[in-house]
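K.L.:
Below is the structure, and that's it, no one-letter string:
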């Protein structure tokens, strides 16, 4: 792809030669002429700066200027409020796998192996946040580890408590699991609460078994496939089933992973670059591989197959609804993290970091939380970036791993994000032109 820009207007030339433009502030996409393309200034993925260009009063530049100045009355900003509606719980900080890229202390423990969260301390915490939440708002709980299905009793007790103490509250449950412990009993539990299930799987067995080895040397992939079969036999009882792969320089075969994933009739697939990986060559290959995945998905099933890939679905939703995103996540705003010692932080990757702790038990440090209250695109100085309203400021954990600070951008993350947004724009225009 080739990119050009005029203020908030991005021009994209696809590999097939199609020319389109994206109004970053208005979230509008349109095909453009060769003359309009020529009036734009070349840019690189690595840059967020607006190129300077003197207007020459030519018709293409006047047209671009007029479009730039337009205000789309249908475009709206999806602001995140400060009511905590999303809690992630480390119900355990031990794991039965030893993933090569594990950012949770290398073994799922975050450097502090805690077998079981204290239910006696956790239930009052949950009640504390429920009491602060307006009755019309839904509540969301994600179970994390370690491997959360090493302690399924906690999931059952928490869900039972909420159903008894907040029966009118709309509650969504999500579990992020390595998928090796999806026994009949655990699947029954997750079906009973109608959970959204995210299964970590990094590709076919010859790759996944290397990236995500068991501690006894058996195939983790075989166990995941068995679990997936159990889940899919009862698919209608779950809110959503997603396969999520993490990639780094040791595994950058996204296309192989996608081909393996495709045999499972799950609701979506997600491809992530490891937040602890800063290899530039791997980052660039990740982008190339993602374009191959998109091409294959579109060829096999058009828009519906493409939208099974989580990032494309998110961008297509934003473009269709013309909804701007100012926050990639609600960390410190609508989202908080509770670890296995009932300490509260704003992000799953901040567990056991004392300087990132914002509470303990039912005590919150409001002063610490104040630092998170501005929109991420402001905190991260993203206001010149053409992709800001589809990116929403990015992931603070990824920024921190790349730059050392949550609000100083990781340039590789930004480059990958802009590439994915531009790729989504190409396919979005292709899909809308065909409809």
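P.N.:
Ah, there it is. Please read all numbers here as calculations on a predicted model, not as lab measurements.

K.L.:
Quick check: which ranges of the chain have low pLDDT?
P.N.:
Within the chain, the ranges that satisfy pLDDT under 70 run 54-55.

K.L.:
Quick check: can you list the domain ranges of it?
P.N.:
1-74, 80-435 (automatic domain parsing).

K.L.:
Point out the most buried one among the ones you listed.
P.N.:
When you average the neighbours per residue for each of these (mean count of other C-beta atoms under 10 Å), domain 80-435 leads with a mean of 18. No exception for glycine: its C-beta is placed from N, CA and C like everyone else's.

K.L.:
Helices along the stretch 301-435 of the chain, start to end?
P.N.:
Taking DSSP state H, counting those that start in this stretch as the criterion, the stretch 301-435 of the chain contains helices spanning 310-321, 366-370, 376-379, 388-391, 396-403, 411-434.

K.L.:
make that the stretch 1-150 of the chain, sorry
P.N.:
Listed in chain order (using DSSP H, counting those that start in this stretch), the helices of the stretch 1-150 of the chain are 34-38, 59-69, 119-131.

K.L.:
just so I know, which of those lies nearest residue 93?
P.N.:
Within those, the stretch nearest residue 93 is helix 119-131; the backing value is 13.5 Å (C-beta to C-beta).

K.L.:
what about residue 79, neighbour count?
P.N.:
11 (other C-beta atoms under 10 Å).

K.L.:
measure it to residue 126 for me?
P.N.:
Here the criterion is C-beta to C-beta, to the nearest Å. By it, residue 79 lies 25 Å from residue 126.

K.L.:
Over to residue 92?
P.N.:
If you measure residue 92 against residue 126 using C-beta to C-beta, the figure is 17 Å.

K.L.:
Repeat that for residue 304.
P.N.:
Residue 304 sits 37 Å away from residue 126 when distances are taken as C-beta to C-beta.

K.L.:
ok, residue 5 - contacts?
P.N.:
Residue 5 makes contacts with 11, 40, 41, 43, 50, 51, 386, as judged by C-beta atoms under 8 Å, 6 or more residues apart in numbering.

K.L.:
Oops, could you answer that again for residue 154 instead?
P.N.:
89, 91, 92, 116, 117, 119, 122, 143, 148.

K.L.:
same thing with residue 88?
P.N.:
Contact partners of residue 88, counting by C-beta under 8 Å, 6+ apart, are 141, 142, 143, 144, 335, 336, 337, 338, 348.

K.L.:
which residues does the last one contact?
P.N.:
Put plainly, it is residue 348. Contacts of residue 348 by C-beta under 8 Å, 6+ apart are 88, 90, 144, 337, 397.

K.L.:
next one: residue 142
P.N.:
Residue 142 sits next to 86, 87, 88, 89, 173, 174, 175, 176 when contact means C-beta under 8 Å, 6+ apart.

K.L.:
partner residues bridging it?
P.N.:
Using DSSP bridges, the bridge partners assigned to residue 142 are residue 88, residue 174.

K.L.:
quick one: it from residue 283, how far?
P.N.:
As defined by C-beta to C-beta, residue 142 lies at a distance of 27 Å from residue 283.

K.L.:
How about residue 323?
P.N.:
28 Å.

K.L.:
Next: residue 340.
P.N.:
In this structure, residue 340 and residue 283 are separated by 32 Å, where distance is defined by C-beta to C-beta.

K.L.:
Check residue 121 too.
P.N.:
As judged by C-beta to C-beta, residue 121 and residue 283 stand 41 Å apart.

K.L.:
same check, this time on residue 410
P.N.:
10 Å.

K.L.:
Residue 140: what's it in contact with?
P.N.:
Remark: with contacts taken as C-beta under 8 Å, 6+ apart, residue 140 is in contact with 85, 86, 87, 171, 172, 173, 174.

K.L.:
Out of the contacts of residue 5, which is nearest to residue 220?
P.N.:
Relative to residue 220, and with distances defined as C-beta to C-beta, the nearest of those is residue 386, at 40.7 Å.

K.L.:
Isn't the closest one up against residue 10?
P.N.:
Yes - with the criterion set as C-beta atoms under 8 Å, residue 386 and residue 10 qualify as a contacting pair; they are 4.5 Å apart.

K.L.:
Overlap in contacts, those two.
P.N.:
22, 24.

K.L.:
Please list all residues in contact with residue 37.
P.N.:
Applying C-beta under 8 Å, 6+ apart, the residues contacting residue 37 are 4, 11, 13, 19.

K.L.:
Of those residues, which is the nearest to residue 251?
P.N.:
Minimum separation from residue 251 among the contacts of residue 37 (C-beta to C-beta) is found for residue 13, which lies at 31.1 Å.

K.L.:
And that closest one, how far from residue 219?
P.N.:
In this structure, residue 13 and residue 219 are separated by 45 Å, where distance is defined by C-beta to C-beta.

K.L.:
Equivalent analysis for residue 332, please.
P.N.:
40 Å.

K.L.:
before we move on, what about residue 200?
P.N.:
The value you get for residue 200 to residue 219, if C-beta to C-beta is used, is 15 Å.

K.L.:
What of residue 424?
P.N.:
35 Å.

K.L.:
same check, this time on residue 331
P.N.:
In this structure, residue 331 and residue 219 are separated by 35 Å, where distance is defined by C-beta to C-beta.

K.L.:
Which residues are in contact with the closest residue to residue 350 other than its chain neighbours?
P.N.:
Beyond its immediate neighbours in the sequence, the residue positioned closest to residue 350 (C-beta to C-beta, 6 or more residues apart in numbering) is residue 356, lying 3.8 Å away. Contact analysis of residue 356 by C-beta under 8 Å, 6+ apart lists 345, 346, 347, 350.

K.L.:
quick one: which of those is nearest residue 232?
P.N.:
Proximity of the contacts of residue 356 to residue 232 was ranked by C-beta to C-beta; the top entry is residue 347 with 31.5 Å.

K.L.:
Now do the same contact list for the closest one.
P.N.:
331, 337, 356, 396, 397.

K.L.:
hmm, try it at 7 Å
P.N.:
With contacts taken as C-beta atoms under 7 Å, 6 or more residues apart in numbering, residue 347 has the following neighbours: 331, 337, 396, 397.

K.L.:
Kindly report the same for residue 26.
P.N.:
Contact criterion C-beta under 7 Å, 6+ apart gives 70, 72, 75 as the residues in contact with residue 26.

K.L.:
Over to residue 338?
P.N.:
Listed by C-beta under 7 Å, 6+ apart, the contact set of residue 338 reads 87, 89, 90, 125, 344.

K.L.:
Quick check: beta-bridge partners of it?
P.N.:
Here residue 338, judged by DSSP bridges, has bridge partners residue 89, residue 344.
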